[in-house]
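K.L.:
Based on what follows, work out the 3D shape:
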Amino acid sequence: MREAFIFPGQGSQYVGMGAEWYEYYPMVQDFYHTANDILGFNLSEISFQGPVEKLCQTEFTQPAIFVHSVFLDKILKEKDFHPHAVAGHSLGEFSALVSAEVLSFEETLQIVKVRSAEMAKAGQFTAGTMAAIIGADDSQLEQICNQDGVVVPANMNAPGQVVISGETTAVESAITTAKEIGVRRALPLNVSGAFHSPLMEPAREPLLNIVDSIQFHNAAVPVFQNVNGNPVTNASEIKENILTQLENPVFWSDTILNMKNNGITHFTEVGPGKVLKGLNQRIHPDSTTTLFDKPEHLENLAVL
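P.N.:
All right, here's what the predicted structure looks like:
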């Protein structure tokens, strides 16, 4: 059996994430203490106690999910579970880079700190939002995105499941178009900006500056990256791809299919929630996906 670790992105957070691990694992306490120092705010308090409105703000959400995912990856490896490949959805790609030894936890958190803050600022600069489009074919998706103003496919999540992103009024018009042409569902998402769209351009230079200040290493295992779904081990290519990811779509469905074609038959979703498990059931129904989020999931390791 060939195993991949997959790491979730924004939208998987919940109040209380990490709290049970923190209580019993000194190593987890160390992760949060280090994170609090790097970030300059009390991430552990926000993750464990909320309030949910604060946890769901981009500048807090991204570090919270990242730290949670990375210490879970560390626990898995301490128990001698190691992946043959890794991938992460949007923000989750940064957790994957730590797992693959491209960057250290501390270095990557510095990047995530800048990325999350600058994406939040970009969302304030130009009013933008996102929407889930369920059941559209390629032709319908083209119609849906053909609006006055910016609206583009942002997350190609699974067959028939796409997230669009762009200017608020354009996305609202796209939702109306989707309903008019008979698409099964078109749902606005509760997000603070138009992620993975040209509206994230203001965040590019600050992200480039922090990324360029840190040395990337070749990956210990292939990282299947968002920008094209392909496996990458070369440090410079990985660096370029995470910069490109900011304003371009996440090809998650292609990522999982390419993992399938590379012999991956089992996935472990390492991080909060079960979003990726649900997508896997649509993309690669012959595979199995194990959740690893809470201490109770330790018993799931028996199937790995």
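K.L.:
Looking only at stretch 106-120, what residues are buried by neighbour count?
P.N.:
Taking 16 or more other CB atoms under 10 Å as the neighbour-count basis, stretch 106-120 is seen to contain the buried residues 107-120. C-beta coordinates here come from the backbone N, C-alpha and C atoms, glycine included.
K.L.:
Which of these sits closest to residue 35?
P.N.:
residue 109 (6.1 Å; CB to CB).
K.L.:
So that closest one sits against residue 38, correct?
P.N.:
Yes. Because the distance of 5.2 Å satisfies CB atoms under 8 Å, residue 109 is recorded as touching residue 38.
K.L.:
Would you confirm that residue 173 contacts residue 146?
P.N.:
No. Counting by CB under 8 Å, no contact exists between residue 173 and residue 146, whose distance comes to 9.7 Å.
K.L.:
which of the two has more neighbours?
P.N.:
Neighbours per residue (other CB atoms under 10 Å) separate residue 173 from residue 146, with residue 173 holding more: 18 against 12.
K.L.:
which residue packs closest to residue 192, ignoring adjacent ones?
P.N.:
Among residues not flanking residue 192 along the chain, residue 123 sits closest, at 4.6 Å (CB to CB, 6 or more residues apart in numbering).
K.L.:
Now the one you found: which helix or strand?
P.N.:
With elements delineated by DSSP states H and E, residue 123 resides in helix 105-125, which encompasses its position.
K.L.:
circling back to that earlier point, may I see the buried residues of stretch 106-120 organised as TSV, with distance to residue 50 added?
P.N.:
Supplementary listing: the buried residues of stretch 106-120 in TSV, determined by distance: CB to CB, whole Å:
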residue	distance to residue 50
107	28
108	24
109	21
110	25
111	25
112	20
113	20
114	24
115	22
116	17
117	20
118	24
119	21
120	18
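K.L.:
Any chance of TSV for these, columns distance to residue 254 and pLDDT?
P.N.:
Written out in TSV, the entries for the buried residues of stretch 106-120 read as follows (distance: CB to CB, whole Å; pLDDT from 0 to 100):
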residue	distance to residue 254	pLDDT
107	28	98
108	24	98
109	28	98
110	29	98
111	24	98
112	24	98
113	29	98
114	27	98
115	23	98
116	25	97
117	29	97
118	27	97
119	23	96
120	28	94
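K.L.:
Going by distance to residue 194, which of those wins?
P.N.:
Minimum distance to residue 194 across the buried residues of stretch 106-120 is 9.8 Å, recorded for residue 119 (CB to CB).
K.L.:
from what I can see that closest one touches residue 203, true?
P.N.:
Yes. Counting by CB under 8 Å, residue 119 sits close enough to residue 203 to count as a contact (5.2 Å).
K.L.:
Overlap in contacts, the two.
P.N.:
The contact sets of residue 119 and residue 203 overlap at residue 246 (CB atoms under 8 Å, 6 or more residues apart in numbering).
K.L.:
how close does residue 157 sit to residue 130?
P.N.:
Using CB to CB, to the nearest Å, residue 157 is found at 12 Å from residue 130.
K.L.:
residues shared between the contacts of those two?
P.N.:
Taking CB under 8 Å, 6+ apart as the contact criterion, the residues that touch both residue 157 and residue 130 are residue 163.
K.L.:
picking that back up, my guess is the residue nearest to residue 192 contacts residue 202, does it?
P.N.:
No. If you go by CB under 8 Å, residue 123 and residue 202 don't touch, sitting 9.6 Å apart.
K.L.:
So which of these two has more stuff around it?
P.N.:
Under the neighbour definition other CB under 10 Å, residue 123 and residue 202 were set side by side, and residue 123 has more, 21 against 15.
K.L.:
Quick one, grab the pLDDT at the more buried one.
P.N.:
What the model reports for residue 123 is a pLDDT of 88.
K.L.:
list the contacts for it?
P.N.:
Contact criterion CB under 8 Å, 6+ apart gives 58, 191, 192, 193, 194, 199 as the residues in contact with residue 123.
K.L.:
Backbone torsions only: list them for the second one.
P.N.:
Meaning residue 191. phi -130, psi 160 (degrees, to the nearest 10).
K.L.:
got the contact list for it?
P.N.:
Neighbour list for residue 191: 10, 58, 123, 129, 130 [criterion: CB under 8 Å, 6+ apart].
K.L.:
Mind doing that once more with 7 Å?
P.N.:
With contacts taken as CB atoms under 7 Å, 6 or more residues apart in numbering, residue 191 has the following neighbours: 129, 130.
K.L.:
Check the fifth one too.
P.N.:
Residue 194 makes contact with 128, 129, 130, 165, 166, 167, 200, according to CB under 7 Å, 6+ apart.
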